[in-house]
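In: got a sequence here, can you model it:
(one chain, ligands or ions: 1)
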Amino acid sequence: MIYLVRMDVALPATMPESDATELKAREKRYAQELQRDGRWAELWRVVGEYANYSVFDVAGNDELHELLAGLPLFPYMRIQVTPLAAHPSRIAAEEDLAPGNP
Ligand SMILES: O=C(O)CC1=CCC(=O)O1
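Out: Residues are numbered from 1 along each chain as shown. This is a model prediction of the structure:
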């Protein structure tokens, strides 16, 4: 299933800079691991905000929840999830159209 996810991050003003830096580094490693295995398909910054729009390609609600809850920044995020369905007018990617592709 495909999900559009918006994450808004709000770190407490009282958080020491070194803790914030360490959390962000862990978040980056976690996000890049999931991008490499294909489950975090898109990651875009919202212009002018400490927020992102992401697209996840996972088995379903339970897997998405597990991935999101595992984000190092999860305790400091507001997360909105929109499940997406195929659009009938979408031109499929070349590889989707390849003969023999399930
Ligand atoms: O900076 C953000 O939007 C939060 C975040 C998600 C993945 C990552 O590396 O940072």
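
In: what comes up buried for stretch 29-42?
Out: For stretch 29-42, a neighbour-count test (16 or more other Cβ atoms under 10 Å) marks 30-31, 34, 39-40 as buried. Every residue, glycine included, has its C-beta placed from N, CA and C.

In: what does it rub up against?
Out: 2, 43, 53-58, 63, 67, 70-72 (Cβ atoms under 8 Å, 6 or more residues apart in numbering).

In: now do stretch 54-63
Out: By Cβ under 8 Å, 6+ apart, the list of residues contacting stretch 54-63 reads 1-7, 38-44, 64, 67, 84.

In: so which of these are in helices?
Out: 64, 67 (DSSP state H).

In: also near the ligand: which of the contacts of stretch 54-63, exactly?
Out: M7 (Cβ under 6 Å from any ligand atom).

In: which PyMOL command selects the buried ones in the contacts of stretch 54-63?
Out: Buried subset of these, written as a PyMOL selection, criterion 16+ other Cβ under 10 Å:
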select buried, resi 3+5+6+7+39+40+43+64+67
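
In: which of the contacts of stretch 29-42 are buried?
Out: 43, 54, 56, 58, 67, 71-72.

In: Throw the residues you listed into a markdown table and include pLDDT, thanks.
Out: Putting those into a markdown table (pLDDT from 0 to 100) gives the following:
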| residue | pLDDT |
| --- | --- |
| L43 | 98 |
| S54 | 98 |
| F56 | 98 |
| V58 | 98 |
| L67 | 98 |
| L71 | 98 |
| P72 | 98 |
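
In: where do the helices sit along this structure?
Out: Going by DSSP H, the chain shows helices at 17-36, 61-69, 94-97.

In: out of these, which gets nearest to L11?
Out: Of all the helices of the chain, it is helix 17-36 that lies closest to L11, at 5.5 Å by Cβ to Cβ.

In: tell me which parts of the protein are close to the ligand?
Out: 7, 9, 27-28, 31, 52, 73.

In: top of those residues by number of neighbours, please.
Out: M7 (22 neighbours; other Cβ atoms under 10 Å).

In: quick check: that residue touching M77?
Out: Yes: between M7 and M77 there is a contact under Cβ atoms under 8 Å: 5.0 Å.
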